[in-house]
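In: Let's see this in three dimensions:
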Amino acid sequence: MTKGNQLGLDDAGAALRGSGQSLRQRAEEIAWDKSAGTAKNLESLTPEEVRQLVYDLQVYQIELEMQNEELHRSQRELEASRARYFDLYDLAPIGYLTISEQGLILEANLAAATLLGMVRSVLFKLPLRSFILPEDQDIYYRHRKLLFETGAPQMCEMRMVKKDAAPFWAHIDATAAQDADGAPMCRVVMGDITARKQAEAALQQVHDELEHRVTERTAALKWANEERRTDIINRQRVEEMLHRTEANFRRSLDDSPLGERIVTIEGETIYANRVILDIYGYDCVEELRTTPIKNRYTPQSYAEFKVRREKRKCGKHGPYEYEIGIVRKDGAVRYLQVFRKEVLWEGEKQFQVIYQDITKRKRAEEEVIETLQLLQDTRDMLVQSEKQAAIGRLAAGVAHEILNPASIISSRLQFMEEENLAEPARENLRVSREQLQRIVKVTRDLRQASAIHQVHFISDDFRRVIEVGLQITDRRIKDDHIRLEYDPPTEIMPVKMILNRLVKVMVHLILNACDAMTVNQEKRLIITVQYHAFSPQSLSMLLIVADNGHGIPTGDLYRIFDPFFTTKEPGKGTGLGLSVCRGIIQEHGGTIHAESNAMGGASFVVELPLCDHKK
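Out: Numbering: from 1, shown residues only. A predicted model of the protein is given here:
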């Protein structure tokens with residue numbers, strides 16, 4: 001269907017073409033009637049008149065051509081106007097209908113046909129009421145009657161139906177008009193307002209719910225107001241009772257034989273009785289309150305206090321019974337047992353802290369612990385002395401019997417080495433000498449482990465011990481491709497020592513670490529020296545030799561210092577090296593122990609007292 005047909009413009013085009021053909025026919029008839037006397041007239045014309053006639057004909061022809069061009073231009077403008085009319089009417093996003101006085105559909109654009117769910121050509125002459133929901137047809141009839149009676153524009157909203165679809169809400173604007181013959185009709189603008197109606201319904205539902213809630217809330221508030229008035233009266237009575245109770249509670253705190261404080265969650269003092277002031281040695285509560293909390297605790301107790309405070313801030317329940325160490329105003333340290341609980345103080349939640357001085361009990365416990373430790377150390381020393389005495393007796397009885405024959409065997413082997421022997425015999429001779437040297441070494445180590453040395457200690461820098469030990473083992477460290485990590489201290493570390501004996505310990509610890517890393521691809525040897533405070537009055541130094549080797553089983557960490565115990569393969573260790581090292585360290589008043597480290601290897605920790613604790 002062409003645009004002309006869509007808009008009902010075919011008849012106009014046909015009329016235009018018919019009008020042109022009729023005009024031409026009339027012109028030919030007139031020209032024929034006039035041509036009868038034209039020949040005679042032409043013969044009587046002078047040449048000048050002929051030229052004038054030709055000129056007039058030419059001018060007339062030009063006028064006709066100009067008129068023809070103007071007609072073509074007018075026709076093009078008409079076509080453009082028709083196209084604009086098509087765009088504005090047929091492609092409009094809202095429905096347009098032309099309705100007769102009888103209610104029949106005469107014209108409809110595409111949007112109207114889509115809303116009604118019908119092909120536009122089928123809509124022609126259909127009654128509009130067939131698309132209106134029966135319940136809403138009265139609205140349609142009433143507004144249509146008013147439109148044709150009054151001529152005033154009418155507007156309404158009603159539900160309409162379309163084939164195979166749910167009803168939809170439509171907004172109708174109708175305007176009265178007349179057709180070409182003067183018959184009454186109306187122009188209708190129709191739009192789908194279903195979404196708006198649904199939103200209005202939802203809004204109304206929400207409004208109704210809010211009204212219902214407001215009603216319920218008003219009733220609830222009224223009831224709550226009555227309840228609140230009752231609560232206020234009851235609270236006033238309770239507050240009066242609390243004031244009397246707090247007064248009695250404060251008097252009981254003042255008269256308590258124990259130290260009493262009321263504190264905030266931050267530990268700030270609100271109240272303190274006389275007993276707690278005497279425990280701290282302060283003259284008044286203000287002095288206790290203004291003294292920084294850190295200054296009132298021993299370092300360890302202050303660290304524990306901060307942990308408890310953070311827990312309470314996070315809402316966690318801290319311990320309600322614990323012990324602390326405090327520093328009095330005069331600097332003396334005292335120990336207190338603390339009981340803590342929540343209380344109401346002046347209407348707010350605070351903490352009541354009760355203190356009992358347990359300094360005498362703590363010191364008695366410390367003395368018992370020190371005595372038990374001394375007894376344990378004495379027992380260990382007696383056991384070790386008994387072991388060394390047994391080994392000494394064994395060494396004294398066996399060393400002579402072993403070393404003398406070993407000396408003779410060594411001489412015989414030396415003579416045999418000078419002879420011209422076959423290669424298998426020489427190999428047997430070499431193995432015999434190695435095993436003989438092992439026998440001699442075990443015997444000498446046994447005798448040295450059990451020997452009691454009467455020597456004099458001199459004050460020297462322990463850094464020399466490490467340097468000499470590293471010089472002796474330098475070749476082994478380089479041959480095994482071990483990465484040494486050692487940062488020498490910048491300050492002197494004075495230790496009363498026998499230099500060569502501590503060097504022997506250092507060498508043995510380094511070689512042990514090298515043996516433990518034989519199968520490692522990346523080998524690390526870490527030597528660390530640092531200060532260590534083991535009591536407020538003195539200092540000691542720590543030597544740590546750590547490796548990333550195969551490590552020591554947990555069950556063997558305390559056995560490796562026993563004589564003849566070794567974790568090495570058979571034939572590669574006598575089991576006396578670490579026992580000798582422990583004896584040397586104990587001679588110097590120190591200790592040695594082994595532990596596993598984060599690298600998977602073992603760390604040997606040596607602690608020796610410093611003869612001068614000034615750094």
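
In: And the closest residue in space to Pro184 that isn't next to it in sequence, how far from Gln414?
Out: With CB to CB, 6 or more residues apart in numbering as the criterion, Pro184 has its nearest non-adjacent residue at 4.5 Å, and that residue is Glu101. In short, each C-beta sits where N, CA and C put it, glycine included. The gap separating Glu101 from Gln414 is 148 Å, by CB to CB, to the nearest Å.

In: okay, those two: which has more neighbours?
Out: Glu101 (15 against 11; other CB atoms under 10 Å).

In: need the contact list for that one.
Out: 148, 183-186 (CB atoms under 8 Å, 6 or more residues apart in numbering).

In: Taking these, please make a PyMOL selection of just the buried ones.
Out: Command for PyMOL that selects the buried part of those, burial taken from 16 or more other CB atoms under 10 Å:
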select buried, resi 185+186
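
In: Reformat the contacts of Glu101 into CSV and put distance to Gln376, secondary structure and pLDDT next to each item.
Out: Shown next, in CSV, are the contacts of Glu101 (distance: CB to CB, whole Å; DSSP: H, G, I helix; E, B strand; the rest coil; pLDDT from 0 to 100):
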residue, distance to Gln376, secondary structure, pLDDT
Phe148, 122, helix, 90
Ala183, 128, coil, 89
Pro184, 125, strand, 92
Met185, 122, strand, 92
Cys186, 117, strand, 93
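
In: and which of the contacts of Glu101 is nearest Val161?
Out: Cys186 (21.0 Å; CB to CB).

In: what pairs with Gln356 across the strands?
Out: Under DSSP bridges, the beta-bridge partners of Gln356 are Gln337.

In: can you count the residues close to it?
Out: With other CB under 10 Å as criterion, Gln356 counts 16.

In: got the phi/psi numbers for Ala546?
Out: phi -120, psi 150 (degrees, to the nearest 10).

In: Can you give me the neighbour number for it?
Out: Counted by other CB under 10 Å, the residues lying close to Ala546 total 21.

In: Likewise for Glu418?
Out: Neighbour count of Glu418, defined by other CB under 10 Å: 7.

In: The one 3 residues further on too?
Out: When neighbours are counted by other CB under 10 Å, Leu421 registers 13.

In: Surely it touches Leu429?
Out: Yes - between Leu421 and Leu429 a contact is recorded at 6.9 Å, counting by CB atoms under 8 Å.

In: sorry, back to before: what does the model give the residue nearest to Pro184 for pLDDT?
Out: With respect to pLDDT, Glu101 has a value of 88.

In: who does the helix or strand hosting Met66 touch, helix- and strand-wise?
Out: The secondary structure element spanning Met66 is helix 47-89 (assigned by DSSP states H and E). Counting contacts by 3 or more CB pairs under 8 Å, 6 or more residues apart in numbering; DSSP states H and E, helix 47-89 is packed against helix 3-7.

In: Could you list the low-pLDDT ranges of the stretch 51-200 of the chain?
Out: 82-88 (pLDDT under 70).

In: So the residue lying farthest from the centre of the chain versus Gln52, what's the distance?
Out: Computed with CA atoms, centre = their mean, the residue of the chain farthest from its C-alpha average is Ser44, at 117.7 Å. For Ser44, the distance to Gln52 equals 14 Å [CB to CB].

In: Please report the distance of Ile498 from Tyr96.
Out: Remark: distance between Ile498 and Tyr96 (CB to CB) = 119 Å.

In: Kindly report the same for Leu502.
Out: Remark: distance between Leu502 and Tyr96 (CB to CB) = 112 Å.

In: same question, Asp479
Out: Counting by CB to CB, the separation of Asp479 from Tyr96 is 104 Å.

In: Between those two, which has more neighbouring residues?
Out: More neighbours surround Tyr96 than the other of Asp479 and Tyr96, with 18 against 9 (other CB under 10 Å).

In: What's opposite the more buried one in the beta bridge?
Out: Taking DSSP bridges as the rule, Tyr96 bridges to Val189.

In: Pull the contacting residues for it.
Out: With CB under 8 Å, 6+ apart, Tyr96 has these contacts: 89, 107-109, 111-112, 187-190.

In: Restricting the selection to alpha carbons, write whichever strand or helix holds Gln350 to CSV.
Out: Take DSSP H and E as the rule and Gln350 turns out to sit in strand 348-357. What follows is strand 348-357, C-alpha atoms only, in CSV (Å, rounded to 0.1, in the frame of the first residue of the first chain):
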residue,chain,number,x,y,z
GLU,A,348,26.9,4.7,85.6
LYS,A,349,28.6,1.3,85.1
GLN,A,350,32.1,1.3,86.6
PHE,A,351,34.4,-1.4,88.1
GLN,A,352,35.0,-2.1,91.8
VAL,A,353,38.6,-3.4,92.3
ILE,A,354,39.5,-5.0,95.6
TYR,A,355,43.2,-5.4,96.5
GLN,A,356,44.9,-7.7,99.0
ASP,A,357,48.6,-7.4,99.8
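
In: What residues of that strand count as buried?
Out: For strand 348-357, using 16+ other CB under 10 Å, the buried residues are 350-357.

In: how does the protein divide into domains?
Out: The chain breaks down by automatic domain parsing into domains covering 3-89, 95-192, 256-357, 363-450, 458-609.

In: Any idea how far the last one is from the middle of the chain?
Out: In this view, domain 458-609 has its centroid 44 Å away from the chain centroid, taken as CA atoms, centre = their mean, to the nearest Å.

In: tell me how far the ends of it are from each other?
Out: Domain 458-609 has an end-to-end distance of 13 Å (CA to CA, to the nearest Å).

In: Then the third one?
Out: For domain 256-357, the separation between the terminal residues is 14 Å (CA to CA).

In: Kindly tell me how buried the closest residue to Asp254 other than its chain neighbours is, as a neighbour count.
Out: The shortest distance from Asp254 to any non-neighbouring residue, by CB to CB, 6+ apart, is to Asn273 (5.6 Å). Asn273 is flanked by 21 other residues according to other CB under 10 Å.

In: again, but for Ser410
Out: By other CB under 10 Å, the residues close to Ser410 number 14.
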